[in-house]
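Student: My questions concern the predicted model and sequence given below.
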Amino acid sequence: MTLFDEDGAALAAGSTDLAADASGSATVAVPAYNPDDVAGVALTIGTWGVPGIWTYEPSIEAPMVSCTVLNDPTGTKTCDVTDVRVDAWGYPEPDNFNFYATVTSPSEAEDVEWELTLNLADPGYKLNANVADSNNGVTLAPGWSCSEMPLVKLRGQESVSTKYVGGGKTVTVWVQGKAASSPTSGGSLFNCS
């Protein structure tokens with residue numbers, strides 16, 4: 001496989017060995033290159049050109065989880081995420097995880113409205129979940145949609161007293177994520193399968 005720029009110059013090339021009776025797909029690793037420079041790909045088996053698809057998913061430069069204060073135009077309030085833990089399971093590769101975190105604030109009053117951003121592309125999650133459940137009072141941020149994946153934005157809810165932290169009050173967040181390889185039902189928090 002060779003990746004080319006818009007002028008037809010080779011940017012990077014790589015190869016892999018296939019068995020004579022191979023079918024399906026194969027992954028070919030290539031040396032470092034700038035994906036934004038790729039204009040085309042040539043794929044050959046021996047000297048025969050074959051149709052191929054080159055895909056690239058840019059990495060999201062975001063931490064595994066972060067907290068943003070929603071109700072502070074002065075910028076003096078803060079929120080933090082502590083006790084972050086991910087437990088993954090599945091066979092032969094993990095296909096489910098439980099995410100746990102605690103939202104806190106040093107504010108002296110229970111008056112900090114918060115929003116968590118989870119970067120599901122972070123290797124700490126051990127899989128890219130596209131279905132998730134939660135039972136502890138978090139909800140998706142208004143307007144969030146599956147097109148924003150792998151970033152997921154969560155907020156507390158006033159109806160179950162998880163909307164605000166501070167004054168010694170914290171909120172424990174639990175999300176169970178699942179990697180579904182085909183469209184599936186379920187996902188009380190979101191389903192992007």
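Tutor: Right, received. Where do you want to start? Since the structure is predicted, the reported quantities are computational estimates derived from the model, not experimental observations.
Student: Leaving out chain neighbours, which residue sits closest to the residue nearest to the spatial centre of the chain?
Tutor: When C-alpha atoms, centre = their mean is applied to the chain, the residue found nearest the centroid is L120 (2.2 Å). With sequence-adjacent residues excluded and distances taken as C-beta to C-beta, 6 or more residues apart in numbering, L120 is closest to P150, at 4.0 Å. All C-beta spots, glycine's among them, are computed from the backbone N, C-alpha and C.
Student: Spit out the contact partners of that neighbour.
Tutor: I60, N119, L120, A121, N128 (C-beta atoms under 8 Å, 6 or more residues apart in numbering).
Student: Can you tell me who the second one pairs with across the strands?
Tutor: So the one you mean is N119. Legend: beta-bridge partners of N119 under DSSP bridges are L151.
Student: I figured it hits P63, correct?
Tutor: Yes: the pair N119 / P63 is scored as a contact, 6.4 Å apart, by C-beta atoms under 8 Å.
Student: quick one: low-confidence parts of the protein?
Tutor: 56-60 (pLDDT under 70).
Student: In it, which residue sits furthest out from the middle?
Tutor: What lies farthest from the middle of the chain is T47; by C-alpha atoms, centre = their mean that is 38.8 Å.
Student: got a list of what it touches?
Tutor: Contacts of T47 by C-beta under 8 Å, 6+ apart: none found.
Student: ok, back up a step: my guess is the residue nearest to the centre of the chain contacts E148. True?
Tutor: No: with contact defined as C-beta under 8 Å, L120 and E148 do not form a contacting pair (10.5 Å).
Student: re the thing from before, look at N119 and P63 and report which has more neighbours.
Tutor: Applying other C-beta atoms under 10 Å to N119 and P63 shows that N119 carries more neighbours, namely 18 against 13.
Student: Distance-wise, check the more buried one relative to A32.
Tutor: Using C-beta to C-beta, to the nearest Å, we find N119 at a distance of 23 Å from A32.
Student: Could you do W174 as well?
Tutor: Per C-beta to C-beta, W174 is found 38 Å from A32.
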